[in-house]
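Engineer: my questions are about this predicted structure, shown below with the sequence.
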Amino acid sequence: MVATGLAKLVYDPSIVSEYERLGLLYNQASIDTAFRESADVLFEVLQKRLTTLFGPQHGVGATEQDNMIETGHTLHRRLGLPIYSLYSSTRRPTPEMLQNVDAILVDIQDVGTRVYTFCATVCFLMEVCAGVGKTVIILDRPNPINGVDVEGNVLDPEFASFVGPYPLPMRHGMTVGELMNYYNQRFGIKCDLKVIRMDGWDRNAYFDQTGLQWAFPSPNMPTIETAVVYPGQVLLEGTNLSEGRGTARPFEIFGAPYINPEKILANVEKKALNGVTLRIVEFKPVFNKWMNKRCLGFQMHVTDRNLFRPYRATLAILSSIIRNNMEFKWSNPPYEYVFDKMPIDVILGDGSTRKSLERNDSVFTIEKSCEENLNGFLKIRKDFLLY
């Protein structure tokens, strides 16, 4: 059984005894083994020392479904503490938000993929805190799709955004604590950063092997199976394909009215689909792209996580769709507050991978072109692994 950073702090509150006033960045998926949210748990432990709460994208209650839907500031309905949204008119805390804290605890469940705004929120929090002399304390949690496998191209700094503030591959294989140490030290943020490490976490473990209970960190991340396919399937947000928003299995189910699934399967690079089966399905999204339209497509069934490479698989599927469907299109800007670049390039973190897909390059050729930068990242990454 893994003991999270939250559990370690509850067991030994003296870890933060030097701080008179504490804030907490969290959401409804930040739970203990009794399914209690960390705000309630820490208020019992810290009492009036817990003064301020912060929420990431989708809101503390994870109520907002889509990207670029901002949430307002509010009060915690049980504790009466202010909750400041860091996905509102600002994505960085203001001096007013920080005036009643000496340190900010961070208890966030990440999903192990660069294109997920929670870690960017923590990164921006560190940057602001570094400038005003506040400490950031990470209550670490598992990488739900293991801390070993790393995949994809490393982000080009020219494509830095809220879904990738610094160079990082699509699937990074790090915990929040490890990733924030990497950002802080490698890119000169100079935040006073502390990490309360977990006990008992095996880097090879997926979340359902940790003994912990999964709570959806965002509305379209309902299960661990969603997180497993997400490092690839998030690319569909940059296309006119439905990524399954508005269905019961977002990111696992995908397609569009114009798709011929049999043709796509016949022309896809089969070796890129090791460990996954694509089952042909029909569906009607109840919101988002192709709402209430009959779509043809697939459900991804991962049959072997050890063989499955989500980024590779989705690139191969996209390549087949591009070659076989004249109605396929890349989405138009904006995407996560980037207005001057194509969303797919923001998601991919470079301008070359899209062009490779359009040229019909093999997925394995694309992977080869990323190899040097990925190997360079892996060497650097070793210095920041805590487990």
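Structural biologist: Alright, I've got the coordinates. Owing to the predicted nature of the structure, the values given are computational and were not obtained by experimental measurement.
Engineer: CA atoms only for stretch 327-347 - export them in CSV, please.
Structural biologist: Taking C-alpha atoms only, stretch 327-347 is exported to CSV below (Å, rounded to 0.1, in the frame of the first residue of the first chain):
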residue,chain,number,x,y,z
GLU,A,327,-12.8,15.5,-44.6
PHE,A,328,-10.2,15.2,-41.9
LYS,A,329,-9.0,18.6,-40.7
TRP,A,330,-6.7,20.0,-38.0
SER,A,331,-8.5,22.3,-35.5
ASN,A,332,-8.2,26.1,-35.7
PRO,A,333,-6.8,28.2,-32.9
PRO,A,334,-7.1,28.9,-30.0
TYR,A,335,-6.0,26.1,-27.8
GLU,A,336,-5.3,26.7,-24.1
TYR,A,337,-4.8,30.4,-24.7
VAL,A,338,-2.4,30.1,-27.6
PHE,A,339,-3.9,32.1,-30.5
ASP,A,340,-1.1,32.2,-33.0
LYS,A,341,-0.3,28.5,-33.5
MET,A,342,-2.2,25.5,-34.7
PRO,A,343,-3.7,23.5,-31.7
ILE,A,344,-2.1,20.3,-32.9
ASP,A,345,1.4,21.9,-32.9
VAL,A,346,0.8,23.2,-29.4
ILE,A,347,-0.3,19.8,-28.2
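Engineer: list the contacts of that stretch.
Structural biologist: Stretch 327-347 has contacts (C-beta atoms under 8 Å, 6 or more residues apart in numbering) with 67-68, 91, 115, 117, 159, 161-164, 234-235, 237-241, 256, 258, 321-322, 351, 354. The way it works is simple: take the backbone N, C-alpha and C, and place the C-beta from them, glycine included.
Engineer: any idea of the pLDDT on the closest residue to Leu155 other than its chain neighbours?
Structural biologist: Leaving out its chain neighbours, the residue that sits closest to Leu155 by C-beta to C-beta, 6 or more residues apart in numbering is Gly349, at 3.4 Å. If you check Gly349, the pLDDT there is 98.
Engineer: residues near Gly349, how many?
Structural biologist: Using other C-beta atoms under 10 Å, Gly349 has 25 neighbouring residues.
Engineer: show me what the host helix or strand of Leu318 is in contact with.
Structural biologist: Assessed by DSSP states H and E, Leu318 sits inside helix 310-324. With contacts defined as C-beta under 8 Å, 6+ apart, helix 310-324 is touched by 151-152, 170-171, 228-233, 235-236, 239, 241, 259-260, 263-265, 267-269, 272-273, 276, 278, 298, 300, 328, 353, 357-358, 360-361, 363, 366-367.
Engineer: tell me which residues in stretch 97-110 are buried?
Structural biologist: 97-98, 101-110 (16 or more other C-beta atoms under 10 Å).
Engineer: which ones among those residues lie within strands?
Structural biologist: Judged by DSSP state E, the subset of the buried residues of stretch 97-110 located in strands is 103-107.
Engineer: tell me the one among the residues you listed nearest to Asn375.
Structural biologist: Val106 (30.0 Å; C-beta to C-beta).
Engineer: the closest one contacts Val176, correct?
Structural biologist: Yes: assessed by C-beta atoms under 8 Å, Val106 is found in contact with Val176 at 7.0 Å.
Engineer: okay, and the common contacts of these two?
Structural biologist: Taking C-beta under 8 Å, 6+ apart as the contact rule, Val106 and Val176 both touch 122, 138.
Engineer: coming back round to it: ok, of the buried residues of stretch 97-110, which one's closest to Tyr387?
Structural biologist: Asp110 (14.6 Å).
Engineer: so what's Tyr182 up against?
Structural biologist: So Tyr182 contacts 174, 380-381, 384 (C-beta under 8 Å, 6+ apart).
Engineer: now the buried members of those.
Structural biologist: Looks like these have 174, 381, 384 buried, using 16+ other C-beta under 10 Å.
Engineer: in three-state terms, label the closest residue to the last one other than its chain neighbours for me.
Structural biologist: Take Phe384 and drop its neighbours on the chain: the residue closest to it by C-beta to C-beta, 6+ apart is Tyr182, 4.4 Å away. Classification of Tyr182 into helix, strand or coil gives helix, according to DSSP: H, G, I helix; E, B strand; the rest coil.
Engineer: then Glu372?
Structural biologist: Quick answer, by three-state DSSP: Glu372 is helix.
Engineer: now do it against Leu378, distance only.
Structural biologist: With the distance defined as C-beta to C-beta, to the nearest Å, Glu372 ends up 11 Å from Leu378.
Engineer: cool, Leu139 as well?
Structural biologist: 26 Å.
Engineer: what do you get for Ser38?
Structural biologist: Applying C-beta to C-beta to Ser38 and Leu378 gives a distance of 32 Å.
Engineer: which of the two has more neighbours?
Structural biologist: Neighbours per residue, other C-beta under 10 Å: of Ser38 and Leu378, the larger number sits with Ser38, 26 against 13.
Engineer: touching, that one and Asn27? I think so.
Structural biologist: No: using C-beta under 8 Å, Ser38 is not in contact with Asn27, being 9.2 Å away.
Engineer: you'd agree Thr277 is in a strand?
Structural biologist: Yes: assessed with three-state DSSP, Thr277 lies in a strand.
Engineer: got the phi/psi numbers for the residue nearest to it when sequence neighbours are not counted?
Structural biologist: Of all residues not flanking Thr277 in the chain, His301 sits nearest, at 4.6 Å (C-beta to C-beta, 6+ apart). Per-residue torsions, His301: phi -120, psi 110 (degrees, to the nearest 10).
Engineer: would you confirm that His301 contacts Arg279?
Structural biologist: Yes: at 5.9 Å, His301 and Arg279 qualify as touching, with contact defined as C-beta under 8 Å.
Engineer: sounds good, over and out.
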